[in-house]
Every structure is written in C-alpha cells, then in structure tokens.
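1. Just need the structure, nothing else, for what follows:
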Amino acid sequence: MIIGAERVETATGPIDVGPGDVVTPLARDRAAQLGVELRRTLQKNPSPHRASSPHQAQPPQASPSHQTQPSGPSQPPRETFSYSAQKTQPPQQSPAPRTVDSATLNSLYRRGAPVAAPLSPLAPAASNAGGRPRVAVLGAGHVGSIATQRLAESGLFGQVALIDVVDGLAAGVALDLWHGAALARFDTPITGSAELADLTGVDYVVLTAGKARKPGMTRTDLTQANAEIVGPLAEAVARYAPSSVIVVVTNPLEEMTHLAQQRSGFPATRVLGMAGVLDTARFAALVGLTGVCRPDEVVAYALGSHGPEMVIPLTQATGRGRPLTELLDADTLTAITDRTRDSGAEIVSLLKTGSAYFAPGQSAARMVAAMAAGSPEIMACAVVPEGQYGLRDTRVGLPVRLGPAGLAEIVTLDLDPAELAALRAAAGNLRQRIQQVG
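-> Prediction:
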C-alpha cells in the first residue's frame, strides 16, 4: 500500500505502516507538520482499528509493467513498459477540510508543486523523494518537453528537472506539465530553470539541446553547430552530476554521443545514444499498418546508425511470435525498412517547419525508465562495442540491456552473413565520423 498526503490529512489517529507499505515524501512532511504519527508495524495486514482516511484510496502510482511478448525460437522474451496509473476510487464521504498554513505551502514548494504567489513552484526538490532516482532533461524544446512528461508519468523518479538556457522557457513548460498532474494521475515533482547547477546530484540526464538541421545545412555543418552546445553541457553534467548516466538525443546522434563522452570524461557505459529505440518503434509502427499484427507485437532491432547505415536484421524480426518474413513478402519488408530509414525526413517534409518530437521524446524516456526500473528488455542503443560482432573503437547501434548504471550488456544476436556485413560496414563509417569530432 502507498500512503499519500491525502491519507495523512484525513487521519484521526496514528497511521500504521506495515511491511511493504510506502510512505510518499509529501506524506511524511504533512505527518510531521500535523503531528500524525507514522507507526511502523510488523503486521502484514494491519488491524481494523488502524487509522485511515475515509477515501481508502491509494494515490496514483505509475510504474513500468512488464508484459512478455511472444517471440520466435531465436528471440528472448520481449518485455514492454506500460506507462499506466491506478485509478483513484471515489471518496465515500468528504473529510473535514484542513487549513493550509505557511508550513504546508513551504512543503509543497520544496516538492515542486504549484502554490500561490509569491512562492515559486519551480524550485528544485530538496532531496530524492522516497529514495527514487532523479532525472534532468537538458533542453525544453518539443523533444525535451515530451521526455519530461513521460518521465514524470512513469512514477519512477523523485524529481524531473527541466533545464534550458532560454530564461523562463523551462519554468513555463514545467508549470504547464504540472498543471496536468491530476489529469494524468502522477505526483512526480517537475521543476524548470535556466540554471545548470540544478543538475546537482541527478542520476540520469537526457540531453536534447541542440540546433535542428536546416535546408542546405550539411551533416558537417550540423556537427560543428551542435558540438558547441553539447560539449559545454557534457562538462557541466560531469561537474554537477559526476555519477550520472547521460542519454544523448541531439543530432548527429553518434557524433554527439561520442563528444558527450569525451567532454564529460565518463566511461562509455554511462553515455548512451538514443536512436535505435526510436527507429525500432518506427519500424514496428509501419509493420502495424499492414494489419498482420499490432505495433507492440513486433520484436525487431534497428541497429547501425541513425541514418543511411541503419540495419534492421529481418532474420530477428517477428510479429506475434512468428517471423515477419513469413507474414509479409520481401518487397513489402524492403519498403517498410526503407521508409523507416527515411522516417525522420518524411516527417520534416510534412511539418514544413520543425521535426519529429513525440516519438523521440518517448524513446528517450523509455531508455531512462528501463534503467531506473532495471528492466531486462532488449533495446537498440548507440554504444561502444568491446569485440561484440567483431567491432571495436567505434560507436554504433547494437542490441543491449540497460541497468541502473547505464549499459549492462551488449546482446549477441545470430545475424546472417549479409546482416553482419552491413552492421560492420555501418560501424566502420561511424568510426571515421566520430574520429573527426575528437
């Protein structure tokens, strides 16, 4: 059972906290302010006279649920996250209202909740709420905003800090997202600021800051422009959050991930590139359009680069546990693979101004959620191989398992000779490009 602030505020006596019960940080603050005793008990099922709220409802809790998907003979079980929330049951009767005093407001202020002026609702949380990890998102553009929303909704984090150099931008986005907390049923504090010092002590950093590629701009032009942004930010992460894991979203993806590792000084296992998760999702979505299965019933891995050297091994791709090569003809699969490779450009051409952000933001959040939850699922990320697939001294998209401290394992798939050759060719091209960065 999760004991929230509402339970404390309506309690008529001590609250027994049994084994496995979780008291939210805000509930602890309110208990201290209202003089409500949180009494530990060894009973698994507390006695009937245990003080409780008339609501008898647990506060919203969102957590990744693992649903094993069927897979082919060569596939490990697939597990997917579901960002879901428990529905709060309607109250049986209305408790007597409590006066919200200045101490309460200060408590809410510390937790990042919206409060009346003149207190700011955007100050960083004082500590990791409930021992949960904290995450920061650098860049309050579309991708960063979506990532922030999904991270907050996951319920896995004690705080999500959104940071952007544009004064007021991150603060405004953070407040707007928090206004939807009741609608999305989450209570993760979201803070916003323009101060890099708010990175202090975070466990994970999602780096989305950078310039979008404009018409006429070459990949080299984009690399130079975004290197001036990513390099200093990586140094700031190392200064304020030296034990964190960085997930890089900024393009050109492999080059910027390599640069972030170099400038932060972090081991390669703690600097990961987000590309394969997005490209895999795009492939699954396009397969879903054929009607042979739902997108979330597809198991596949987009490897290689986030660009022309993308490799999707069809020998490893399944739908509802059956090989996709049995469900779709070769021409259809080739067309889907080609469209996946060009999906980013397709969206840019349709939007006219701007680029994709919903799926990229969700993909970055998915990676961080997998690390925080210790999920065993396999996903594709841009990492540094140590001999796997015969590759070294490069950064390339490979199937991996993530853990709380970053890369946990590079998974070896049984690729056919043509797929392996394509992956090695992609890795070779990427090696040359990242070496030009430094």
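
2. What segments of the stretch 101-250 of the chain are strands?
-> Using DSSP state E, counting those that start in this stretch, the strands of the stretch 101-250 of the chain run over 134-138, 159-163, 190-193, 204-207, 245-248.

3. And for the stretch 301-438 of the chain?
-> For the stretch 301-438 of the chain, the strands defined by DSSP E, counting those that start in this stretch occupy 303-304, 310-311, 318-319, 322-323, 379-383, 396-403, 406-410.

4. Can you add distance to Met367 and mean neighbour count and give those back as CSV?
-> The C-beta positions use only the backbone N, C-alpha and C, and glycine is treated the same way. As requested, those are exported to CSV (distance: least, CB to CB, whole Å; neighbours: other CB atoms under 10 Å):
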stretch, distance to Met367, mean neighbour count
strand 303-304, 16, 30
strand 310-311, 18, 26
strand 318-319, 22, 26
strand 322-323, 27, 16
strand 379-383, 7, 26
strand 396-403, 7, 25
strand 406-410, 10, 18
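
5. where in the stretch 1-150 of the chain is pLDDT low?
-> 1, 5, 20, 25-26, 29, 42-130 (pLDDT under 70).

6. Break the protein into its domains for me.
-> Under the assignment automatic domain parsing, the domains of the chain span 1-42, 119-273, 276-356+366-437.

7. Please work out which of the ones you listed is packed deepest.
-> Highest mean neighbour count of those: domain 119-273, a mean of 21 (counted as mean count of other CB atoms under 10 Å).

8. export the strands of the stretch 101-250 of the chain to a markdown table and tack on distance to Leu324?
-> Putting the strands of the stretch 101-250 of the chain into a markdown table (distance: least, CB to CB, whole Å) gives the following:
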| stretch | distance to Leu324 |
| --- | --- |
| strand 134-138 | 34 |
| strand 159-163 | 36 |
| strand 190-193 | 39 |
| strand 204-207 | 31 |
| strand 245-248 | 28 |
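
9. Tell me which of these sits nearest to Leu391.
-> Proximity to Leu391 (CB to CB) singles out strand 245-248 among those, at 19.3 Å.

10. Partner strands of the closest one, with direction?
-> Within its sheet, strand 245-248 is paired with strand 204-207 (parallel), strand 271-273 (parallel), according to DSSP bridges.

11. Relative to the whole chain's centre, how far out is the last one?
-> The one in question is strand 271-273. 13 Å (CA atoms, centre = their mean, to the nearest Å).

12. next one: stretch 428-438
-> Counting by CA atoms, centre = their mean, stretch 428-438 comes out at 27 Å from the chain centroid.

13. just stretch 9-18 next, same as before
-> 34 Å.

14. same check, this time on stretch 191-210
-> For stretch 191-210 - counting by CA atoms, centre = their mean - the centre lies 14 Å from the chain centre.

15. got it, and stretch 161-169?
-> Distance, stretch centre to chain centre, for stretch 161-169: 19 Å (CA atoms, centre = their mean).

16. Stretch 21-32 now?
-> For stretch 21-32, the distance to the chain centre is 26 Å (CA atoms, centre = their mean).

17. All set, thanks.
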